[in-house]
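Chemist: here is a sequence with its predicted model. Questions after.
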Amino acid sequence: MNSLSIVIPIRRCEPSLLVLLKSILRQEINFSVEVIVVLNSFEPSDFDVLKTELQVIQNELKVLDMKLIFLDRSGVNRARNAGLLAAAGSIVVFFDDDCELDSSNLLSMHALHHQAHPTLFGLGGVYKLNAEAGYFDRLYHYIQMRWLYEGLLYSEDTATRYLIGGHFSVKKVMTENYHIQFNDEVVYGGSELEFFLQAERQNLRVELSELAVIHHTNESFISLTRKLFKQGKGKAISEKRYADPSTQFRASQSVNKSKDLIGRLPVISKMLLGYYNYIFWLGYYHYRKQLPLFFRHVMQDIFLFKSKLSEQVERQKKIKEQRGDRF
């Protein structure tokens, strides 16, 4: 059986980290597992405090083989690269610190799938909402899952172009042999995209499974706005070296064509999803210094919306005239 390393990048010691680590302890496994926690938010004023908090957690979970790495510069990709470099396992699993392993055999399923498919580069899973998820958490979940499923290459296959950064595994030897690593320039937002574009460029197979982790988020209108802007910026940074041929300005009307993952969407939710879609592309074009192009796309969408609305009004008018309605 493969040995396995788990890499968890963190910026601070949130309560959710302990939840994640305890859920790892509950895993039913018969192979060696190490956990590598990488602190990547270096603030001299509270560095010692964070280090002490991590050591307390490490002492509390003594049965867990846990390594601590402290970086002097922030950035989730810098933390992932440090964890990947330090990993002793043949399979490296990446989790975000706001995740929780729901199934007791999730790690075994990752390891077994890699063992059964020697040429597979990466295996990813999906997020599940926690029971206390709020309205904006659900919107964010919808956005994440929609993006994830849009990466699938074929309708009847699990092959995909990319995975979500908070839950996936790779074979370490393949990252070394094909010289694949995370882009340190992306501090946060769309940070994993270039990693998988590198794999795609070299014809490596990546698969999306239905393996799930619980995603504990606490989003608001403002926090989600900031997050989507950063993710758009992250996409732009990734494409400097690895252009994504599917890049296009997808406006609010594309929401209706997506998989409906959270039930029938009310009008207000569709409007907010359209708003967040624009915020994402605002971040993208802002980084590329192409804001005029962004606003031109927005105006084109407004014109298209008005045209469709006028057509709908005319159709309704004709229907009423044919029925003999007075109004």
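Modeler: Ah, there it is. Quantities reported herein were computed from a predicted structural model and do not represent experimental measurements.
Chemist: next up, phi/psi of G283, please.
Modeler: Reported as degrees, to the nearest 10, the phi and psi values for G283 are phi -60, psi -40.
Chemist: what about it, distance to L129?
Modeler: 25 Å (CB to CB, to the nearest Å). To be clear about C-beta, it is placed using only N, CA and C from the backbone, and glycine gets the same treatment.
Chemist: between these two, who's got more neighbours?
Modeler: Ranked by neighbour count (other CB atoms under 10 Å), G283 and L129 place G283 first, with 25 against 19.
Chemist: so for the more buried one, what's the pLDDT?
Modeler: G283 carries a pLDDT value of 92.
Chemist: same deal with P118?
Modeler: As predicted, P118 sits at a pLDDT of 95.
Chemist: now the end-to-end length of stretch 199-212.
Modeler: 23 Å (CA to CA, to the nearest Å).
Chemist: show me where the chain has strands.
Modeler: Taking DSSP state E as the test, the strands found in the chain are 4-10, 33-39, 66-70, 91-95, 99-101, 120-129, 167-171, 205-215.
Chemist: distance to V49 added to those strands, as a markdown table?
Modeler: As requested, these are exported to a markdown table (distance: least, CB to CB, whole Å):
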| stretch | distance to V49 |
| --- | --- |
| strand 4-10 | 14 |
| strand 33-39 | 11 |
| strand 66-70 | 12 |
| strand 91-95 | 23 |
| strand 99-101 | 24 |
| strand 120-129 | 30 |
| strand 167-171 | 29 |
| strand 205-215 | 27 |
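Chemist: for H141, see how far away the residue lying closest to G75 once chain neighbours are set aside is.
Modeler: Distances taken as CB to CB, 6 or more residues apart in numbering place V187 nearest to G75, at 4.4 Å, with adjacent residues excluded. Distance from V187 to H141, counting by CB to CB: 23 Å.
Chemist: between these two, who's got more neighbours?
Modeler: A direct count of neighbours by other CB under 10 Å for V187 and H141 places H141 higher, at 21 against 18.
Chemist: hmm, that one is touching G134, no?
Modeler: No - the criterion here is CB atoms under 8 Å, and H141 misses it with G134 at 10.6 Å.
Chemist: can you give me the end-to-end span of stretch 159-175?
Modeler: End-to-end span of stretch 159-175 (CA to CA): 18 Å.
Chemist: the nearest residue to V298 once chain neighbours are set aside: neighbouring residues, count only.
Modeler: Nearest residue to V298, sequence neighbours excluded (CB to CB, 6+ apart): Y278, at 6.8 Å. Close neighbours of Y278, defined as other CB under 10 Å, add up to 20.
Chemist: Y278 contacts M299, doesn't it?
Modeler: No - counting by CB under 8 Å, M299 is not a contact partner of Y278; they are 12.0 Å apart.
Chemist: next, count neighbours for the residue lying closest to E34 once chain neighbours are set aside.
Modeler: Among residues not flanking E34 along the chain, D65 sits closest, at 4.6 Å (CB to CB, 6+ apart). For D65, the count of nearby residues is 14 (other CB under 10 Å).
Chemist: next one: the one 4 residues further on
Modeler: Applying other CB under 10 Å, we find 16 other residues in the vicinity of I69.
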